[in-house]
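Engineer: coordinates only, no sequence provided:
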């Protein structure tokens, strides 16, 4: 009887040992699959920035090199970190991506990458030439002469980007030889009937900054 009990106990012990070993092996296999899935090559893409594209130690980190225009890159990581860049009147939206470089991972801005190396980077037909901001929100003056507002908006690139497709105010403007904006369809208390004259400056006499972009130049 004792011998029978010992045999049953021995079989149960072996069974538990085998099950534990299987569980450990399954755990290692699952971990291996996760690592392989994370490190697998996601996609190939091309640099479409004419001046080349910086790469960094981490998203928004130090610049350590530059990819040339037309370079074919291997994307190995999607960080999920979105960034907006103002580029000579256009807003470029993209994600920070991990790129394989000499058996290492570097990070670059995905807004200047495309599967089609001949594609046009700029999606919008109009450019943001001037941007005024205050506590009341944003006013954008575009290259086609239209004016768009964003009430109670902070001057971040996400809000600015939305102005490209927002409804215009119905007012228009031109720029004179002195760099002043002549805003039409608006009554001016200073100059009577006619266009309102607006003088974009980086810093006023009181040290205040109310213009983020002046003639396509960022002055935030």
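Structural biologist: Structure received. Quick caveat, the model's predicted, so the values are computed rather than measured.
Engineer: which residues in the protein form helices?
Structural biologist: Counting by DSSP state H, the chain has helices at residues 2-39, 157-162.
Engineer: by mean pLDDT, show me the worst of the ones you listed.
Structural biologist: Among the helices of the chain, helix 2-39 carries the lowest mean pLDDT, at a mean of 47.
Engineer: okay, which residue is most central for this structure?
Structural biologist: Nearest residue to the geometric centre of the chain (C-alpha atoms, centre = their mean): residue 83, 2.0 Å.
Engineer: that one against residue 107, yeah?
Structural biologist: No: here residue 83 does not reach residue 107: they are 10.8 Å apart, not a contact under C-beta atoms under 8 Å. Any C-beta I mention is one placed from the backbone N, CA and C, and that applies to glycine too.
Engineer: shared neighbours, those two?
Structural biologist: Listed as contacting both residue 83 and residue 107 by C-beta atoms under 8 Å, 6 or more residues apart in numbering are 59, 96.
Engineer: show me the contacts for the closest residue to residue 95 other than its chain neighbours.
Structural biologist: Take residue 95 and drop its neighbours on the chain: the residue closest to it by C-beta to C-beta, 6 or more residues apart in numbering is residue 110, 4.6 Å away. By C-beta under 8 Å, 6+ apart, the contact list for residue 110 reads 94-97.
Engineer: and for residue 172?
Structural biologist: Going by C-beta under 8 Å, 6+ apart, residue 172 touches 145-147, 183-185.
Engineer: where in the chain is the helix or strand with the lowest mean pLDDT?
Structural biologist: Least confident element among the helices and strands of the chain, by mean pLDDT, DSSP states H and E: helix 2-39 (a mean of 47).
Engineer: report the beta-bridge partners for the closest residue to residue 43 other than its chain neighbours.
Structural biologist: Leaving aside its sequence neighbours, residue 43 sits nearest to residue 75 (C-beta to C-beta, 6+ apart; 4.9 Å). On the basis of DSSP bridges, residue 75 is bridged to residue 43, residue 99.
Engineer: and residue 58, how close does it get to residue 128?
Structural biologist: 29 Å (C-beta to C-beta, to the nearest Å).
Engineer: cool, thanks, talk later.
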